[in-house]
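J.: this one's structure only:
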């Protein structure tokens, strides 16, 4: 369960922009490229990771995340499922996701909890 910042003041959930910035740093791309309509693998993989982390960290709806990336909600659903499957089955991809998570979340317990949450989606 994600801690509620309203119940425990001082606990901040990572914002969408913080997650996007972390993904962009790890993958070496600009946020505009992440949000672009281009379907190059160099943009799609980090975009899917950002969508998935926003869903799992903040509990945003598929529609809200879709609006953030100018996409359809079904694209976000596909991204969340794809990231979950790849984290479970691809070691290199999982390490990339963990790099982003390490930048977004500060405690090891929160990081482990998020990975478990992503894997449950599968």
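T.: That came in fine, so what should we check first? All values reported here derive from a predicted model rather than from experimental measurement.

J.: how about the residue most central in space within the chain, what does it touch?
T.: Nearest to the mean C-alpha position of the chain, by C-alpha atoms, centre = their mean, lies residue 53 at 2.0 Å. Counting by C-beta atoms under 8 Å, 6 or more residues apart in numbering, residue 53 touches 14, 19, 23, 97, 100, 101, 104, 114. C-beta here means a position set from N, CA and C on the backbone, and glycine is covered the same way.

J.: With residue 83 as the reference, measure out to residue 90.
T.: Using C-beta to C-beta, to the nearest Å, residue 90 is found at 10 Å from residue 83.

J.: More neighbours: which of the two?
T.: Under the criterion of other C-beta atoms under 10 Å, the comparison of residue 90 against residue 83 puts residue 83 first, with 25 against 12.

J.: got a list of what that one touches?
T.: 48, 49, 51, 52, 97, 118.

J.: Which of those sits closest to residue 62?
T.: For the contacts of residue 83, the residue nearest residue 62 by C-beta to C-beta is residue 51; the value is 8.9 Å.

J.: tell me what the least confident helix or strand in the chain by mean pLDDT is packed against?
T.: Among the helices and strands of the chain, helix 108-120 carries the lowest confidence by mean pLDDT, DSSP states H and E, at a mean of 93. With contacts taken as 3 or more C-beta pairs under 8 Å, 6 or more residues apart in numbering; DSSP states H and E, helix 108-120 sits against helix 41-58, helix 73-89, helix 91-104.

J.: Only the buried residues of it, if you could.
T.: Neighbour counts over helix 108-120 (16 or more other C-beta atoms under 10 Å) mark 110, 113, 114, 115, 117, 118 as buried.
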